[in-house]
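> need a structure here:
(chains A and B)
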Amino acid sequence: MIEPLQPVIVGAGPAGIRAAERLVRAGLRPIVLDEGLRAGGQIYRRPLIDDGRSYRSRYGSEAGKARRLHEAFEALLPAIDYRPETLVWNVSAAERGNQLDVLLAGVHRQIGFSQLILCTGATDRVLPFPGWTTPGVYTLGASQVALKAQGCTIGDRIVFMGSGPLLYLVAWQYMKAGACVEAVLDTAPITSKRHLLSLAIHAPRIVGLGVFYGLQLQLAGVKIRNGVRPEAVLGTGQVEGLRFRRRASKGEVVETVSCDALAYGFALRPETQLADLAGCRFCFDERDRVWLPERDAMGRTSRANVYVAGDGSGIAGADAAEVSGELAAAALLEDAGKASADGARLVAAREAILRQRDILERAFPFPVDWFETVPDETTLCRCEEITIAEGRRAIASGSISEINRLKALSRVGMGRCQGRMCSAAATELLSGLCGVSPGEVGRLRAQAPVKPIPLGFGAAVEAEARS
Amino acid sequence: MSMNPLLRRRYRLDETLVPFTLNGTAQTGRRGDTVLTAILSVSGRLRQSEFTGENRAGFCLIGACQDCYVMTAQGSRVRACSTALLAGMAFITDLGAVSETAHD
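Just a heads-up that it's a prediction; the model follows:
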């Protein structure tokens, strides 16, 4: 069979599905590799089996978008080469050819690509505080996935803490599911919410929904606090409560709230390891305090035939992911000599969402002063169980000012999660101690395999040759 | 140290039961469960950490943090949040139970 182009899409969330759809429309048959058990990504994640809930019940205000995306994917199935439960753990450097190393049902394979669209998504951005490794403490995204995909709540009496639009939404969803929401603790100061006024002009729906969730929680008697910093999870071995302080008119107030589970997070951080291994050039994003693959307006990276889309190319949410997925596919087609008629319209649509996102991030700012008060004995790296004190000691004794040196000397970022859960914290800690901006301590380099894989001489290997 | 179940089921309550074994004891999950859901609906941990022996019960639930690895009775590991529960699976979340077995 002559297959002149073999594009591969990594990720079957909003970006990956829309990218695939665009390529199929142009007559191509992309390979779609997805780590998930079912396509849809995280925001539009589907349960393993039907559990009787309607789209409205599961996805709330986003039910229509979720349904359209899932239906689009089902319609695509005969026209794509879809491989779920497939981990892409390496991308070959450009000089070694266009190859992916993948793990599919326990079998290692190499898959060649003519073009690659990376739609790798995001994870919660988290910061450490005393007790954050206690069973019953989950990320905000985790608490939502438990409910959405498994029909479970992470406890009976839950506290939600952090910053970002997800905070009020998940708390409201838990309330609707019958859980007791003990408190919503917003780490942003109340004054930051003034930015929502200007957002209301451009995106009244987003702000309207946020206000609706907040009001309903308040009417139900849920404790809502602003300007919060956690002091400690109470309880050993299980969550019994949370002690926190907050700024009040009469100075700082310390409060305790009883709960059996805690969900927290500070917006999202992009999954960029595969773009890194592909050799894409990165640039520092001041707003999100993170390194991102350099991309043009359509999603082209610095490496020919490698494109990025969705939150993995910069946090912008699911709506932007759908547009950017389509854009990346349009760019791929354009580079292959098939001009697109609507490129400019899509670029404008994405940029409009990015402008809204800028305002949203100002309303839910990152807690830059976090490490001023977190005690030294707090776990910094949950994989290798390294404390903040050990991190500080490594920085001081090695005169470290670069994040990969910190990893080498302290093992922070070297564990199984490869820095996904600690790199934001390590960056803030190091840049704070050095008195420089987070962008100046460098970028934690990705290593293959990007996630743990079974290795061994007996491991099954199958090369997939495509000409 | 209490081992109260962490997760509270809200849906699929009448779904077909799926039998599995936890530290040698028979347990049941539901059709459509991940390994994580099945274990944490009846227990309070998935593993003990390598260095401090702290109980861990997962964190991100989307396959990123790698905190939810569970040892199977065969000695291999599965990532509980992204593995579907199958009838007859057997897990060890109590290292004490393992060493006792090893000394038998």
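
> Please count neighbours and contacts with C-alpha atoms only from this point.
Noted.

> give me the beta-bridge partners of the residue nearest the centre of chain A?
Centroid-nearest residue in chain A: residue A:122, 1.9 Å away (criterion: C-alpha atoms, centre = their mean). Beta-bridge pairing for residue A:122 (DSSP bridges): residue A:270.

> wait, isn't it in contact with residue A:313?
No - using C-alpha atoms under 8 Å, residue A:122 is not in contact with residue A:313, being 9.1 Å away.

> which neighbours do the two share?
residue A:270 (C-alpha atoms under 8 Å, 6 or more residues apart in numbering or on different chains).

> Model confidence at the residue nearest to the centre of chain A, what's the number?
Predicted confidence (pLDDT) for residue A:122: 98.

> Residue A:372 too?
Predicted confidence (pLDDT) for residue A:372: 89.

> Tell me how many other residues surround residue 31.
Using chain A. 20 (other C-alpha atoms under 10 Å in any protein chain shown).

> nope, chain B
Neighbours around residue B:31, by other C-alpha under 10 Å: 22.

> OK, contacts around it?
Taking C-alpha under 8 Å, 6+ apart, we find residue B:31 in contact with A:49, B:15-18, B:85.

> most neighbours, which of those?
Result: residue B:85 is most packed of the contacts of residue B:31 (other C-alpha under 10 Å), 23 neighbours.

> Over to that one: give its phi and psi.
phi -70, psi 130 (degrees, to the nearest 10).

> was I right about it contacting residue B:35?
Yes - counting by C-alpha under 8 Å, residue B:35 is a contact partner of residue B:85 at 4.8 Å.

> For the spatially most central residue of chain B, which non-adjacent residue is spatially closest?
For chain B, the residue nearest the mean C-alpha position is residue B:39 (3.7 Å; C-alpha atoms, centre = their mean). Counting by C-alpha to C-alpha, 6 or more residues apart in numbering or on different chains, residue B:39 lies nearest to residue B:46, which is 7.2 Å off, once chain neighbours are set aside.

> pLDDT score for the one you found?
Reported pLDDT for residue B:46: 97.

> One more: residue A:212?
Note on residue A:212: pLDDT of 94.

> Any stretches of the chain with poor pLDDT?
Looking at chain A here, since you left the chain open. Applying pLDDT under 70 to chain A flags residues A:1-4, A:455-467.

> Switch to chain B, please.
For chain B, the stretches with pLDDT under 70 are B:1-2, B:97-104.

> how about the helices of it, start to end?
In chain B, the helices defined using DSSP state H lie at B:35-40, B:95-103.

> Determine the longest helix present in chain A.
Longest helix of chain A, by residue count under DSSP H: helix A:343-363.

> in that one, what's buried?
Across helix A:343-363, burial judged by 16 or more other C-alpha atoms under 10 Å in any protein chain shown covers A:343, A:346-347, A:350-351, A:353-354, A:356-357, A:359-363.

> Then stretch A:412-426?
For stretch A:412-426, a neighbour-count test (16+ other C-alpha under 10 Å) marks A:412-426 as buried.

> Now do it: distance from first to last residue.
Using C-alpha to C-alpha, to the nearest Å, one end of stretch A:412-426 lies 7 Å from the other.

> Next: stretch A:231-239.
Terminal residues of stretch A:231-239 are spaced 14 Å apart (C-alpha to C-alpha).

> Could you list the contact residues of chain B toward chain A?
Counting by C-alpha under 8 Å from any C-alpha of the partner chain, chain B comes close to chain A at B:1-3, B:6-12, B:31-34, B:37, B:44-45, B:51-52, B:54-62, B:64-67, B:82, B:84.

> Using PyMOL, define a selection of the buried residues within the residues you listed.
Of the residues of chain B next to chain A, the buried ones go into a single PyMOL selection, burial set by 16+ other C-alpha under 10 Å:
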select buried, chain B and resi 6+7+8+9+11+12+31+32+33+34+37+44+45+54+55+56+57+58+59+60+61+62+64+65+66+67+82+84
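
> Out of the residues of chain B next to chain A, which sit inside strands?
In strands, judged by DSSP state E, the following of the residues of chain B next to chain A are found: B:8-9, B:55-56.

> thinking again about what came up before, which among the buried residues of helix A:343-363 gets closest to chain B?
If you rank those by distance to chain B using C-alpha to the nearest C-alpha, residue A:361 comes first, at 21.8 Å.

> Show me which residues of the stretch 251-400 of chain A sit near chain B.
The stretch 251-400 of chain A comes close to chain B at residues A:383-385, as judged by C-alpha under 8 Å from any C-alpha.

> Quick check: closest non-adjacent residue to residue B:65.
Nearest residue to residue B:65, sequence neighbours excluded (C-alpha to C-alpha, 6+ apart): residue A:417, at 4.9 Å.

> Name the residues of stretch A:11-20 that come out as buried.
Across stretch A:11-20, burial judged by 16+ other C-alpha under 10 Å covers A:11-20.

> I'd like those residues written out as CSV, with distance to residue A:154 added.
Formatted as CSV, the buried residues of stretch A:11-20 follow (distance: C-alpha to C-alpha, whole Å):
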residue, distance to residue A:154
A:11, 26
A:12, 26
A:13, 24
A:14, 26
A:15, 28
A:16, 29
A:17, 30
A:18, 32
A:19, 34
A:20, 34
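
> Just the ones of the residues you listed in helices?
Per DSSP H, the buried residues of stretch A:11-20 map to helices at A:14-20.

> thinking again about what came up before, which among the contacts of residue B:31 gets closest to residue A:239?
Distance to residue A:239, by C-alpha to C-alpha, is smallest for residue B:85 among these, at 26.2 Å.

> Tell me who's in contact with residue A:19.
By C-alpha under 8 Å, 6+ apart, the residues touching residue A:19 are A:9, A:117, A:322, A:325-329.

> For those residues, give me CSV that also has secondary structure.
Below are these laid out as CSV (DSSP: H, G, I helix; E, B strand; the rest coil):
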residue, secondary structure
A:9, strand
A:117, strand
A:322, helix
A:325, helix
A:326, helix
A:327, helix
A:328, helix
A:329, helix
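
> Of those residues, just say which sits nearest to chain B.
Relative to chain B, the closest of those is residue A:9; by C-alpha to the nearest C-alpha it sits at 18.9 Å.

> wait, that closest one sits on residue A:120?
No - in this structure, residue A:9 is not within contact of residue A:120 by C-alpha under 8 Å, at 9.4 Å.

> Now do stretch A:416-435: distance from first to last residue.
Using C-alpha to C-alpha, the end-to-end distance of stretch A:416-435 comes to 29 Å.

> Excluding its own residues, what touches it? List them.
Residues contacting stretch A:416-435 (C-alpha under 8 Å, 6+ apart): A:123, A:125-128, A:290, A:368, A:371, A:380-383, A:392, A:395, A:401-403, A:412-413, A:437-438, A:440-441, A:444, A:446-447, A:450-452, B:64-67.

> Quick one: distance of it to the chain centre.
Relative to its parent chain, stretch A:416-435 has a centroid offset of 16 Å by C-alpha atoms, centre = their mean, to the nearest Å.

> For the stretch 201-350 of chain A, just list every one of the helices.
Counting by DSSP state H, counting those that start in this stretch, one finds helices in the stretch 201-350 of chain A at the ranges A:204-219, A:273-277, A:317-335, A:343-363.

> Save those helices as TSV, and put in distance to residue A:433 too.
What follows is the helices of the stretch 201-350 of chain A, written out as TSV (distance: least, C-alpha to C-alpha, whole Å):
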stretch	distance to residue A:433
helix A:204-219	36
helix A:273-277	26
helix A:317-335	32
helix A:343-363	25
